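Participant: When you get a sec, could you give me coordinates for this:
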Amino acid sequence: MGVKVKLISGRTVAQGQNLDNKLSDEYFNAVAFCELNAADMAKIGVSPGENVKVSTKYGEVVVKAKQGAGNPEGIAFIPMGPWANAVVSGDTKGAGMPQYKGIDAEIEKTEEQVLQIRELMRQYMR
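Facilitator: This next block holds a predicted model:
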């Protein structure tokens with residue numbers, strides 16, 4: 001059983017510092033996670049570093065769970081990047097930028113693996 005949240009995305013310092021090498025472990029570690037409030041993590045029985053599946057009406061993706069002390073309960077954050085893009089709408093409504101805020105999502109613990117960027121791209125190119 002998962003927890004229902006509002007998903008947001010945005011830039012982070014670590015994500016920005018690693019934009020030039022998206023195939024690196026540093027980039028993977030900077031963006032392939034979902035930050036959750038401790039109470040939301042407890043609801044789904046997940047600890048920091050364990051895998052979670054984030055599902056929206058646009059898609060699903062597996063990322064690492066990360067505890068965020070500043071996250072309000074019911075809000076989840078994934079840094080901008082391929083893993084966030086997997087669960088947002090591609091419709092930019094003419095703005096050239098997808099909607100990265102307030103997306104209804106469900107998050108659950110999973111044994112599925114977090115895909116590296118090449119595997120993630122192959123999956124979504126089908």
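
Participant: contacts and neighbour counts: CA atoms only from here.
Facilitator: OK.

Participant: Which residues does the nearest residue to Gly2 once chain neighbours are set aside form beta bridges with?
Facilitator: Excluding its sequence neighbours, the residue lying closest to Gly2 (CA to CA, 6 or more residues apart in numbering) is Glu108, at 4.2 Å. For Glu108, the beta-bridge partners are Lys53 (DSSP bridges).

Participant: Need the contact partners of stretch 42-60.
Facilitator: By CA atoms under 8 Å, 6 or more residues apart in numbering, the list of residues contacting stretch 42-60 from outside reads 1-3, 34, 41, 61-67, 86-89, 103-114.

Participant: Mind checking which of these are in strands?
Facilitator: With strands taken from DSSP state E, the overlap with the contacts of stretch 42-60 comprises 3, 34, 61-67, 103-109.

Participant: just those now: which is nearest Tyr124?
Facilitator: Distances from the ones in strands among the contacts of stretch 42-60 to Tyr124 were compared by CA to CA; the smallest belongs to Val61, at 10.4 Å.

Participant: For the residue nearest the centre of the chain, pull up the helix or strand it's in.
Facilitator: Most central in the chain under CA atoms, centre = their mean is Ile78, positioned 3.6 Å from the mean C-alpha point. Assessed by DSSP states H and E, Ile78 sits inside strand 75-79.

Participant: Okay then, goodbye and thanks.
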